[in-house]
Every structure is written in C-alpha cells, then in structure tokens.
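Sequence and predicted model, in that order:
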Amino acid sequence: MNLSKSINTFSKSLGSITRPQRFNTKTGLHTQTPSSSTAVAHALKEDFARSNKTKAIDPSYSPYYNTGTLLPSTTRQKLNVYGQIPAVVETIEQQARRAIKLIRAKPTNLEKYMFMAQLRNNHTRLFYNLVNNHIEEFAPIIYTPTVGEACQKYSDIYPFLNSPGTPDGLYITLDDLPHLDNIIEGYKQRLGETPDITVITDGSRILGLGDLGMNGMPISMGKLQLYVAGAGIDPRRTLPIVLDFGTNNEHYISDEFYMGVRRKRPADAEFYDAAEKVLKSLTRAFPHILVQFEDFSSEHAFGLLKKYQDKILCFNDDIQGTGAVILSGLINAFRKVEKESNVRLRDHRIVFYGAGSAAIGVARQIQEYLQIEHGLTEDEARKVFYICDSKGLVTTDRGDRLAEHKVYYARNDNAGSQFRSLEDIVDYVKPTTLIGLSSSKNAFNQDVLARMSQINHQPIVFPLSNPLTKAECTFEDAMNATENKVVFASGTAFPAYTIPGTDQTRTPGQGNNMYMFPGLGFGAILARPTSITNRIILRASMALADSLTEEERSRGLLYPELSRIRQVSATVAAAVCDQAVQDNIATGEIKSIHRDSFDEYVQSRMWSSEIGN
Ligand SMILES: NC(=O)C1=CN([C@@H]2O[C@H](COP(=O)(O)OP(=O)(O)OC[C@H]3O[C@@H](n4cnc5c(N)ncnc54)[C@H](OP(=O)(O)O)[C@@H]3O)[C@@H](O)[C@H]2O)C=CC1
Ligand SMILES: CC(=O)C(=O)O
Ligand SMILES: [Mg+2]
C-alpha cells in the first residue's frame, strides 16, 4: 500500500473538522460528544494527517489508528481492511465493557498484566481508556505490585506480550555503544515521533526486588504508561530504555530463558563511560528530551544525578520523585497531628528504616522544606533525622566506612552508644514518625508499632517499600497495633480497613512517586527549564500536598483520590511551570503563556485516548 498516497486521498475526502472537547474535573479526562460514525471518521482523518507527517506508520497496522470494530465502514474501505473485521460497528464503551469482563475473569494478576500488555500493543486507545476510567483497578496491574512480578518473569513472558507492530523501547547493551546513533535513528524512524521523555533503568535495583538485569524493562514501560494515564503525555512520545549492561543475579545468568546479556555488571568507570555515551547519543537525537533515571542501585543513582542534573533535563525518580511525594504526604500528616494532637512541626523526630537512594532523597526533601518554608537552620533541620541501615542507626563512630550518601545524616550525639535493632532505636529516639524504605518485609513488627503507639497519640507510620511482599508492615497490622490511631501511607496500596465491631472504614494513603512523577515530568516538558532545580521539586511537592480537597481532608486522607490523578497532575505540572518561569529558567512554550492560564494550558496539552488525539 502506498501509505502517503492513501493518507492524502483519505484526508482530502474528509475535509476539515472541529472536535468539541471538555475537561471532566471528576475523572480528569477529556470527554467528547458521543462518537457517531462520521465523527469517528473525521477524527481518524486528523490521525492520518498526523501520521502523514511521519511517513513511517501504516495506519492499517497501527494500534493507534486501526481500532478494529470502532472503524466505520467507509474508513475500513479506505484502510483496505473492509471484510477483515466483523461487520458490527461498536463504540469504545462497548469494547471497554467486553475487555473488562475478560480481564476480571483472569485468575491471576500476572495474567491480567499480560492481557493488558497485549491490549496496549493491539489497541492502544482502548488500553488507556480502561486505565484512565478504572485507574484504581489497573494501576496495581500495570504498576506496583504486579509489575514487580512481571519484571521477575519478563524473559519468560516476553514473547507473549509484544507485537511486531509496536516497539517496546530500546534495549541497549555494552556492545551496542559504537552504533548507538544508528540504533536511536532506527527507533526514531520506526516510531515516527520525537520522544518528549525517556525512563531509563539498568535493572540493578528494581523496586525492592534487587538486581533483575534486562528484566527491569517493564519498570520503564510501566512508569511511562502512568505518565500517559496520569498526566496525558502522548504515548507515542515516550521512550522506555533498559541498559542491558549485565547482571550480578546468578539466577538469571544461569537461566536458559533469560534474554539479557549474560555477564557481570561492569565496574564503575566502564558503567559511567557507557551511560555517558548513551545520554550523549540520546540528547543528540532528541535535544529536548526529559530523562528520568529509575531504579539504579543507590551509588549509581546518586552518581548519575550528581553528574547530569545541571547538564541535561533530568531527574532521579527514586531520590527526587520519592522525596517530593513523601514530603507531600508528610506535610498533610504533620498538619493533621498538629491540629489533632498539638505536635509542632519543629518537634518531629523522624526515623528512616533504610538508608538508600529513596530514604536519603526523602530526608533531603523534608530538610529543604523545614529550612525554606519553616525557617529552621540547617543544623536544626538535619537533627530531625535518624537514619538506619542494615547495621543499625547510622552514627559517625559506628566503626564502619559509611557510603558517601549516608555521611551527612550520621548522628554524633549518641555518646558512644550504638543501636542495632529497630526496637532499641525507637526506644532511644522516641520518634513521632517511622518511615520504611528498606525492602524488609514486616520489619515494623507488632512490638515496634506498639511502642510507636505508646510514645505518640497519633504515630505516623509510612512503610514505603515495594512491592507488597517487601512492605515493612500492612495497614491492618498498623491499625491493630496502634488502637487505630496510626497515620499511615504505604508504597503499594493496601485495601481499606473496617474497624472491627464498627461501621468505620479507614482508607490508607498510597505514598508512591506515581502521584508526583507524571505532573513533575509533564511540567518539565512544557516549561523546559534549564535544569530541574530543588526549588521546582519543592514547589511540586507543596502543590501536591495542597491539592487535597476539603472533603478528602475531612476523611483523613494524606493523598488525593487516585481517580483524580489527571487533575492533580495538571496542578503539579502548572506549579512546575510557574516556578520555572518565576526563576527565569523556563525555555519552553510556557514562556508565551500568561501565568493565570497555566492550569488551563497544561490541561489543553494533555493527550487523551479519544480518537483524534
Ligand atoms: N514508595 C515509593 O514511592 C518508593 C519506594 N521505594 C522503595 O524503597 C525501597 C528502597 O529503595 P532504595 O532506597 O532505592 O534502595 P537501596 O537499595 O538504595 O536502599 C535500601 C536500604 O535499605 C537498607 N536495608 C536493607 N535491609 C535492611 C534491614 N534489614 N534493616 C535495615 N535496613 C535495611 C539498606 O542498608 P545498607 O545500606 O546497609 O545496605 C539500604 O540502606 C525499595 O523497596 C523501593 O521499592 C523506592 C522509591 C520510591
Ligand atoms: C515506586 C518506585 O519507584 C520504587 O519502588 O522504586
Ligand atoms: Mg523506582
């Protein structure tokens, strides 16, 4: 089929269209007036005109354009697919109802994940229609916890997920380094789009599951799917990348089905040199691309951020995204306990169980908030934190050589005493707040939780490790051990809990960076600041905290309802734009928009799964 000829003929035959659109503040979705056959045909014309620009996509094979039984008869003829699809013409609502019925009948979450992955590759618009309209049901499938299992088994399930029509993203090995420009150019040609954003992992610390090597790819894919669902980034402009540089996971190296490179991970010098080559090629091909570093082992997470944060448009999700999202939940938790239990902000003592990229990122973010927004001195703010790693409380005189990122928070006021167990640390510190970022299941046992409850009228407990199998405690355990007084958020969502013998139900918070990175990233794409500064991230965090409605606040929620994610991401993105403009570092289109219209502008730039976008 002569693609550009057929597109041109088709475009000409349909003339121009207008497409009434409305932003639904409840679901955060753009909705359209019901699609008649003509409206669908007209909207498809827009899509084809768009694909004409790229010349790379045959619409009859594209999962964006060939929407199967949605196609009106005239379009089927124009696409040369008439007679190859059942005669019925359906609406997307019908297709969605059928898909939901099939998905709900799947016996395991992994099977649901596989179904969704296939759907995304075959009918991308239906996939995002489902995810957006049922985000509470599907986020745990395409993201944590199920994505963790999908990563662990990625090499086993890979052949049954992907379709030749849709590239997954890029798998880059060390051997590919001399040919990177060609590889990236090949992808660009194939995709026919310029990516706005890439999520890059090397699979070395996937959630709390450790080194999964190339099998970490679904994390990059899942994060980008949430960028689309959560913030309306065009899925065709997203680029998942896994740096398949090797793995130290012996299980995979000896697994006959493992699809990654079977070698040990390179030493630091080779790693940084390879990462540099990848980033150079990427930014040469796509000068404005936003880079999100994801799930690198902590040394490399800090190393890459330090090296690139002022050089390219980038951020590290585990350090900065997590820092911002957890600060936001804590701002709401601190407000709650101040109001209900008279605990002043400067009187908080925070124990971190875990001292990796996430814990240090969160501590830094809270510290910045205390200093900038509440006038604490650096020393006063730093003293709020007690950091624990696998050897106990991190102190200056513990006798071991501390990793660079732990040194700043090492305590020197322990008078020579060392504290190994969490029980001892809680007794010593008497914390108001306990944060788990250690990937240690059940580390917050009944004893620890009960002590928190004795010390505090309202203990703040955030077991944030992912996936569920790594959470430091469950919501139910925390409620039971604290006489239901706990102020709680977890990394992976726990179900609501009904207090026995009552009709009172409490909904736990989900302190997961999924509330932050979509809005932060989208704002950065629109504002294109010269770098993503600490001020931008702090502003994004406070915008998320303030996005709670009065009704959500009255129910004791720390984070907004997930069903409002698009609305919330728009608020966060607008705050990012505003800060970048205020600080005079915005270089993107936002500069030409009036400040009062940032919110509206952000919403108008969101992609929706409706045909024509
Ligand atoms: N909710 C969210 O949005 C996010 C959650 N996370 C989750 O946080 C967890 C940690 O991530 P990250 O910081 O990047 O990982 P790292 O591997 O960088 O850090 C893990 C830390 O936990 C410590 N640790 C391990 N075992 C124990 C133990 N038994 N007792 C005390 N400390 C222990 C390690 O100690 P040592 O230094 O001695 O090895 C290390 O400091 C993961 O489960 C991840 O999924 C991460 C990002 C976002
Ligand atoms: C949520 C996330 O980024 C993590 O667990 O690593
Ligand atoms: Mg992560």
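In hand now; what should we look at? Ligands and ions are numbered 1, 2, ... in the order given.

so how many other residues sit close to Pro431?
When neighbours are counted by other Cβ atoms under 10 Å, Pro431 registers 24. C-beta: built from backbone N, CA, C; applies to glycine.

Also Ala496?
For Ala496, using other Cβ under 10 Å, the count is 10.

Can you report phi and psi for the closest residue to ligand 2 within the stretch 401-550 of the chain?
For the stretch 401-550 of the chain and ligand 2, the shortest gap (Cβ to the nearest ligand atom) falls at Asn466, measuring 3.7 Å. Dihedral angles of Asn466 (phi, psi; degrees, to the nearest 10) stand at phi -120, psi 160.

Quick check: it vs Arg284, distance?
34 Å (Cβ to Cβ, to the nearest Å).

of the two, who's got more company?
Legend: neighbour count by other Cβ under 10 Å for Asn466 and Arg284, higher for Asn466 (24 against 11).

okay, that one: pLDDT?
Listed pLDDT for Asn466 reads 96.

what does Ser609 give?
pLDDT, Ser609: 89.

Likewise for Ile184?
96.

So Glu299 sits against Gly356, correct?
No. Counting by Cβ atoms under 8 Å, Glu299 stays clear of Gly356, with 9.6 Å between them.

the strands in the stretch 351-500 of the chain, which residues?
385-389, 392-393, 433-436, 460-463, 487-490, 497-498 (DSSP state E, counting those that start in this stretch).

I'd like the ones you listed written out as CSV, with mean neighbour count added.
Compiled in CSV, the strands of the stretch 351-500 of the chain are given as follows (neighbours: other Cβ atoms under 10 Å):
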stretch, mean neighbour count
strand 385-389, 23
strand 392-393, 20
strand 433-436, 28
strand 460-463, 28
strand 487-490, 26
strand 497-498, 16
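
residue contacts, Glu373?
The contact partners of Glu373, taken as Cβ atoms under 8 Å, 6 or more residues apart in numbering, are Leu538, Met542.

Correction: the previous question concerned Asp211.
So Asp211 contacts Gly203, Ser204, Arg205, Thr247, Asn248, Asn249, Arg265, Ser297 (Cβ under 8 Å, 6+ apart).

For it, which non-adjacent residue is closest in space?
Spatial nearest neighbour of Asp211, chain neighbours left out: Asn249 (4.6 Å); criterion: Cβ to Cβ, 6 or more residues apart in numbering.

count of neighbours near that neighbour?
21.

neighbours of the residue of the stretch 101-250 of the chain found nearest ligand 2, just the number please.
Among all residues of the stretch 101-250 of the chain, Leu207 sits closest to ligand 2, at 4.4 Å; criterion: Cβ to the nearest ligand atom. By other Cβ under 10 Å, 25 other residues sit near Leu207.

Go ahead and confirm Leu207 touches Asn466.
Yes. Taking contacts as Cβ under 8 Å, Leu207 lies within contact range of Asn466: 4.2 Å.

quick one: the strands in the stretch 1-150 of the chain?
21-23, 30-32.

weakest of these in terms of mean pLDDT?
For these, where the average pLDDT is lowest is strand 21-23, sitting at a mean of 33.

Domain-wise, how is this protein divided?
1-90, 128-296, 320-513, 516-604 (automatic domain parsing).

Kindly reformat those domains as CSV containing distance to Thr108.
Output for the domains of the chain, formatted as CSV (distance: least, Cβ to Cβ, whole Å):
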stretch, distance to Thr108
domain 1-90, 25
domain 128-296, 9
domain 320-513, 14
domain 516-604, 22
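
Gly210 is in contact with the residue nearest to Asp211, correct?
Yes. With contact defined as Cβ under 8 Å, Asn249 counts as touching Gly210 (6.9 Å).

And for Tyr258, the neighbour number?
Tyr258: 19 neighbours (other Cβ under 10 Å).

isn't it right up against Gly213?
Yes. Look at Tyr258 against Gly213 with Cβ under 8 Å: they come within range, at 7.3 Å.
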